[in-house]
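[1] just coords:
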């Protein structure tokens with residue numbers, strides 16, 4: 001069988017340049033080495049938070065989600081990798097014997113029931129408090145990587161580290177589209193733009209005030225972060241749900257366009273964060289050439305108002321339709337809206353029908369109920 005080493009390496013650099021999703025680039029590596037899971041992830045050890053994760057393999061989506069949401073905090077193998085130097089490897093079976101595995105909740109309650117068992121891992125590189133790690137996992141009915149396989153993985157990892165550095169540098173330097181930045185800067189609603197690695201690409205003035213206050217959301221070394229590690233996990237899962245990096249996640253290939261989470265409940269200072277996927281092909285590159293998440297922050301300490309811009313974004317309404325929907329939510333009649341907008345009542349009725357169709361509601365009362373569940377945005381008064 002031909003050695004696919006060169007093809008695997010080429011896939012890494014194609015992913016670094018954005019020509020290939022990371023999950024697709026990792027798949028040939030996973031298949032050739034016979035891994036249960038190949039995982040590249042970032043962990044901010046100052047906050048015990050996963051910043052991103054790309055995977056390939058037959059591992060179930062439930063296992064990955066369970067790890068990212070909960071078990072990454074208790075993974076004894078991650079601490080081994082954190083203590084390594086760049087390019088050094090650790091093999092779990094050389095550090096944790098069968099007696100340790102038998103009494104470890106991580107192994108007995110999580111890893112083995114999900115089908116995993118062994119991992120060989122390396123620290124690809126550090127970026128401030130964040131460690132970028134590679135894990136080559138084998139299943140519970142397999143054997144650990146042997147010496148030749150580890151040597152092979154070590155050779156690949158050097159290229160993977162270089163490719164990932166290029167990928168991150170390119171994304172951090174990527175200019176935000178002038179039109180998108182201008183739009184966000186003019187909106188009074190607190191808005192942030194972040195990528196799938198939590199890199200804070202932009203925050204308007206209202207959002208900066210919330211981040212500087214630091215009650216629930218903060219900026220940490222250029223990343224959007226949460227005060228609570230539990231909230232950090234929720235944010236990572238919400239970004240994963242958007243699938244900004246395309247086919248790079250087990251079980252989350254297509255992605256949704258919206259996600260909502262409440263942050264800071266444990267601290268008694270909750271804010272709402274409504275995430276909307278901004279993809280270049282859908283916005284004609286107005287926000288740049290990389291997919292981003294636009295985050296609308298609801299600050300309950302400020303005066304709240306349903307914002308037509310958010311309503312339009314949430315349900316793909318035209319600006320006129322969004323204004324009509326907001327007016328209905330305020331309790332205005334069709335006649336009152338027509339007078340306010342200086343159009344005919346028939347025009348308003350046509351717009352109402354379009355709003356009902358796009359929101360999947362049948363009656364105005366149902367529409368108003370739906371809008372009441374939408375996170376209200378914050379109106380900062382001069």
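    Thanks, I have it. Here the structure is a predicted model, which is why all the values come from computation and not from measurement.
[2] please count neighbours and contacts with C-alpha atoms only from this point.
    Will do.
[3] any low-confidence regions in this structure?
    Per-residue confidence for the chain (pLDDT under 70) gives these ranges: 1, 175-178, 252-254, 266-267, 300-305, 372-382.
[4] which strands or helices does the biggest strand by length in it pack on?
    With secondary structure taken from DSSP state E, the chain has its longest strand at strand 116-127. Using 3 or more Cα pairs under 8 Å, 6 or more residues apart in numbering; DSSP states H and E as the contact criterion, the elements in contact with strand 116-127 are helix 76-82, strand 89-91, strand 130-139, helix 147-173.
[5] switch to 10 Å and redo it
    strand 37-44, helix 76-82, strand 89-91, strand 130-139, helix 147-173 (3 or more Cα pairs under 10 Å, 6 or more residues apart in numbering; DSSP states H and E).
[6] please spell out which residues along the second one are buried.
    Along helix 76-82, these residues count as buried under the neighbour rule (16 or more other Cα atoms under 10 Å): 77-78, 80-82.
[7] take those and lay them out in TSV including distance to residue 371.
    Shown next, in TSV, are these (distance: Cα to Cα, whole Å):
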residue	distance to residue 371
77	46
78	43
80	48
81	47
82	46
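[8] of those, which is the nearest to residue 317?
    Looking at the buried residues of helix 76-82 and their distance to residue 317, the nearest is residue 78, at 45.5 Å (Cα to Cα).
[9] from what I can see that closest one touches residue 135, true?
    Yes: under the criterion of Cα atoms under 10 Å, residue 78 lies in contact with residue 135, with a separation of 9.3 Å.
[10] all strands of the stretch 151-300 of the chain, in order?
    Using DSSP state E, counting those that start in this stretch, the strands found in the stretch 151-300 of the chain span residues 191-194, 200-203, 217-220, 223-226, 258-263, 271-278, 292-298.
[11] now those in TSV, with mean neighbour count?
    As requested, the strands of the stretch 151-300 of the chain are arranged in TSV below (neighbours: other Cα atoms under 10 Å):
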stretch	mean neighbour count
strand 191-194	25
strand 200-203	20
strand 217-220	19
strand 223-226	22
strand 258-263	19
strand 271-278	24
strand 292-298	25
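[12] closest one of the buried residues of helix 76-82 to residue 245?
    Proximity of the buried residues of helix 76-82 to residue 245 was ranked by Cα to Cα; the top entry is residue 78 with 23.7 Å.
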